[in-house]
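K.L.:
Next input, structure requested:
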Amino acid sequence: MNSIRKTAEKFIFACIIISCIIIPLDYLIPKYRSFWIKCEVFFAVIFTIEYFIRWYFSENKIKYPLTFFAVIDLLAILPSLLLLSNNFMLLRLFRIARFLRLLKLIRYNHYLYNSFNNIRNWFSGFRDEYQLDNLFNLFVLCILALVVGANLVYFTETEFASGTTPYTDYWKSYWHMVIVLISGIEDKEPASLPGKIEVTILLIAGVCVVGMITAEMVSILVRKFNRKGKAVLKPVNLRMENHIVILGYNSHLDYIIRQIYTAFRGRYYILCVFKNSDELMVSVPHIYKKVLVVKGKPLHPDILKHADIKRARSIIALSEETDLVSDNKTLMKAIAVNSVNPDVPVTIQLQNPESVKYNNVIKNADFVVSSSYMEKLISQGVLNPGVTEIYRSIMTFSPDSSEFYNIEISSQFCPETFNQAQKYFLENDESIIPAGVYRYCADTKKYKCKINPIAFKNECINGDFVLNPGDFLMVIAYFNPFFDRSRKKRKLKRPKKRDKTVRSYDISKNSSFKDLRNNSVVICNANKNLKNIVNELVYNSRNKKYEITIIIPDKEFWLENKDFHPDPAVSEYNFVYGDPGDPETLKNLNVQNFGAAVILADPRHGDVADAASTLVAMEIERLNPEIHTVMELINSVNREYINFDIINEVVCLGDITEKLIAQSCYHPGSMDVFDELLSSEKGTPQIFLPKIPYFLKNRTYKEIYTLMIENKKPYIPIGFVRGDEYFINPVFEKNDDLPVLSGENDRLIVIAYELRPDDFNI
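P.N.:
The predicted model follows:
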């Protein structure tokens with residue numbers, strides 16, 4: 001229904017423009033008047049149908065004709081209806097009144113704004129790229145020289161020359177002067193000496209002007225050739241607004257741009273500011289049409305002014321280096337932005353978790369320390385096998401995956417309770433799943449998200465969470481419901497089929513979503529993430545005891561880096577020295593009987609650690625095909641080379657960084673949501689993958705979701721798993737056969753605070 005409405009709006013918008021173009025054509029080309037009248041009849045019928053349709057669907061049908069937009073719609077129709085009647089022939093004198101339909105454009109001001117903004121930015125870029133200002137100045141100089149020279153030589157020849165000369169004819173003197181100035185040839189010689197002197201001076205001036213024009217044209221061509229394949233520089237005179245500014249550069253920039261473009265559906269321009277931004281290469285042409293760059297240091301006041309920080313929609317401050325010292329530079333960028341525009345939301349990428357202590361100092365700031373999220377995500381791969389793919393899908397902005405979005409509780413959408421909101425979207429077959437509520441906290445003066453609010457029993461009335469005006473409903477959806485974009489039904493989101501011939505054994509025995517065979521975990525290598533990974537496994541909310549063994553490849557390196565060591569209070573682990581890629585080391589450790597393996601990137605190998613980690617994972621899988629492997633990846637580009645039939649889960653630092661920055665830019669405050677979901681501490685929500693209870697078997701996903709809503713269970717189903725495939729926010733066409741969840745490999749994907757078998761007893 002919504003897609004039909006959006007398409008109809010675009011059609012009406014086009015009709016308004018075309019019908020207004022026809023009005024002057026009726027005056028200018030009267031011989032086609034019969035055709036213009038037919039067009040007028042067509043548009044009058046269209047606008048009349050639109051008027052009655054809007055009246056029919058209005059909330060108050062009695063008052064609707066007196067509303068502002070209804071009056072405008074009526075004014076757009078009446079002149080056409082009067083002109084079509086023979087009883088009102090005199091009113092043909094008032095045909096110009098048909099221009100009143102331009103008032104209808106007020107209803108579509110967002111289309112006008114976007115079109116005007118795009119045209120303005122395009123023209124500014126065109127003007128700067130082809131140096132139109134310089135060419136215009138040279139053109140004015142040529143015209144001035146032509147007019148002054150032609151008149152000067154004309155009066156000189158008339159006064160001093162005897163008889164008729166080529167310059168004594170006033171209008172011909174202009175043509176002769178064009179020859180002199182542009183071609184540099186004295187085609188017609190003046191007769192008088194003063195005239196000859198003047199023409200000689202003008203000839204030299206013409207050579208100079210033509211040389212300047214030629215140099216300018218060559219400069220434009222050379223500049224255009226040199227900038228081929230590079231991002232467009234922001235014109236000096238262009239004033240941008242409602243754009244996203246990215247300060248700084250690192251290897252994640254290109255993917256961040258893609259994610260932001262997809263998140264905002266290409267509605268807003270992206271401005272990149274860093275030292276060598278003029279060398280930024282275009283990777284995806286249609287995306288980089290919305291990308292401009294400013295060359296300079298992001299801390300310089302003039303550069304920030306040129307970036308139009310005061311009118312920006314959101315700011316991203318990237319960490320340009322991998323060392324911890326870079327946090328100071330990144331924070332200084334945020335401080336500089338805050339001093340210029342304290343109200344703009346800022347996303348700050350940091351390397352050191354300790355730097356987050358400044359979060360209360362910088363206003364409207366979200367801090368992204370991707371290493372912290374990576375530690376939690378690796379741990380989740382062990383606690384909930386396969387869940388890393390689900391998180392990755394939810395973090396990724398793409399047309400065929402679901403993400404978190406916000407819907408304001410307002411007069412247009414005003415369910416009284418969270419349960420009613422769930423029922424509304426379920427009954428209307430919307431691809432939207434309510435997952436939480438954003439509520440303003442007066443103490444912190446920020447919005448706090450309550451994920452799965454049904455579980456807050458002390459805040460629920462009759463088992464339901466009451467919504468207040470001003471709250472925001474956090475939903476899982478394929479795109480933002482507020483965007484003016486047609487909404488399409490999407491079938492189940494399926495990952496690519498994996499080539500099962502790679503392994504000699506049955507792929508189902510190594511499914512990413514299969515439970516661990518036991519709680520024995522081996523961790524290979526040691527880096528700064530090791531400490532928190534061990535803590536997450538030891539202090540997990542389900543009180544499972546994991547037998548943790550750490551393989552240390554270098555004893556001296558281990559002793560030098562005390563910050564890698566788990567907390568002294570943690571004693572539930574053992575460690576051995578040896579090469580984790582050596583089959584003898586693994587056999588001596590009896591890795592054949594372990595349930596899970598975590599392969600961390602070896603910091604001694606730097607940026608090329610991915611190859612070594614992959615080889616270790618493949619060797620462990622060769623010795624124990626039943627083991628569940630979770631590998632840390634440094635470079636997101638290397639993900640495509642990983643064989644997921646062999647290695648179960650890959651957690652990439654770069655991937656997480658890019659996705660979290662885009663999420664924070666789109667949803668300021670979303671870091672708190674992911675921080676809670678990824679934490680395994682008790683009292684925080686998580687994504688669980690429970691098996692289908694026997695009393696819920698042989699039901700579809702929608703039926704199970706409906707039962708949980710009706711019984712107000714503290715679980716929010718967001719999808720299901722079947723074998724080695726997962727389906728988040730599954731949407732089915734009406735003629736599709738809904739899959740029945742009954743097999744041993746079927747699981748639900750739910751958001752919950754804890755799993756209690758009794759809660760599933762419906």
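K.L.:
wait, is W122 part of a helix?
P.N.:
Yes. Under DSSP: H, G, I helix; E, B strand; the rest coil, W122 sits within a helix.
K.L.:
Look up which helix or strand G719 falls in, please.
P.N.:
strand 716-722 (DSSP states H and E).
K.L.:
In the sheet, which strands lie alongside that strand, parallel or antiparallel?
P.N.:
strand 725-728 (antiparallel), strand 746-752 (antiparallel) (DSSP bridges).
K.L.:
Confidence-wise, which of those strands is weakest overall?
P.N.:
Lowest mean pLDDT within the strands paired with strand 716-722: strand 725-728, a mean of 84.
K.L.:
Pull the distance from it to the chain's centre.
P.N.:
23 Å (C-alpha atoms, centre = their mean, to the nearest Å).
K.L.:
likewise stretch 36-49?
P.N.:
With C-alpha atoms, centre = their mean, you get 40 Å for stretch 36-49.
K.L.:
Name the residues of that stretch that are buried.
P.N.:
Buried residues in stretch 36-49, defined by neighbour count with 16 or more other C-beta atoms under 10 Å: 36, 39-40, 43-44, 46-48. In short, each C-beta sits where N, CA and C put it, glycine included.
K.L.:
likewise stretch 196-208?
P.N.:
198-199, 202-203, 205-206.
K.L.:
What are the contacting residues of it?
P.N.:
Identification of contacts with stretch 196-208 by C-beta atoms under 8 Å, 6 or more residues apart in numbering yields 145, 149, 152-153, 156, 177, 180-182, 184, 186, 189-190.
K.L.:
The lengthiest strand in the chain packs against which elements?
P.N.:
In the chain, assigned by DSSP state E, the strand with the most residues is strand 432-441. Judged by 3 or more C-beta pairs under 8 Å, 6 or more residues apart in numbering; DSSP states H and E, strand 432-441 is in contact with strand 403-408, helix 418-427, strand 446-451, strand 472-477, strand 716-722.
K.L.:
Lowest average pLDDT across these?
P.N.:
The minimum mean pLDDT among these belongs to strand 446-451 (a mean of 83).
K.L.:
could you give the angle of it to strand 716-722?
P.N.:
Inter-element angle recorded for strand 446-451 and strand 716-722: 50 degrees (by axes from the mean of the first three to the mean of the last three C-alpha atoms, to 10 degrees).
K.L.:
Show me what strand 446-451 pairs with in its sheet, parallel or antiparallel.
P.N.:
Strand 446-451 pairs in its sheet with strand 432-441 (antiparallel), by DSSP bridges.
K.L.:
which residues touch the strand it pairs with?
P.N.:
Strand 432-441 is contacted by residues 402, 404, 406-407, 418, 421-422, 425, 446-453, 465, 467-468, 470-477, 481, 669, 673, 716-718, 729, 751 when judged by C-beta under 8 Å, 6+ apart.
K.L.:
Of those, keep whichever come out buried.
P.N.:
402, 404, 406-407, 418, 421-422, 425, 447, 449-453, 465, 467, 471-477, 481, 669, 673, 716-718, 729, 751.
K.L.:
neighbours of S339, just the number please.
P.N.:
Applying other C-beta atoms under 10 Å, we find 11 residues neighbouring S339.
K.L.:
Find the centremost residue of this structure, please.
P.N.:
I260 (2.1 Å; C-alpha atoms, centre = their mean).
K.L.:
returning to what we had before: make JSON lines from the helices and strands packed on strand 432-441 and add distance to V538 to it.
P.N.:
Below are the helices and strands packed on strand 432-441 laid out as JSON lines (distance: least, C-beta to C-beta, whole Å):
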{"stretch": "strand 403-408", "distance to V538": "29"}
{"stretch": "helix 418-427", "distance to V538": "34"}
{"stretch": "strand 446-451", "distance to V538": "24"}
{"stretch": "strand 472-477", "distance to V538": "31"}
{"stretch": "strand 716-722", "distance to V538": "27"}
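K.L.:
check contacts around E279.
P.N.:
By C-beta under 8 Å, 6+ apart, E279 lies in contact with K230.
K.L.:
Can you pull the phi/psi pair for it?
P.N.:
phi -100, psi 0 (degrees, to the nearest 10).
K.L.:
Am I right that V521 sits in a helix?
P.N.:
No. V521 is assigned strand when assessed by three-state DSSP, not a helix.
K.L.:
Is it bridged to anything, and to what?
P.N.:
V521 has these beta-bridge partners by DSSP bridges: I548, A596.
K.L.:
For D645, see how far away it is.
P.N.:
Distance, V521 to D645, using C-beta to C-beta, to the nearest Å: 22 Å.
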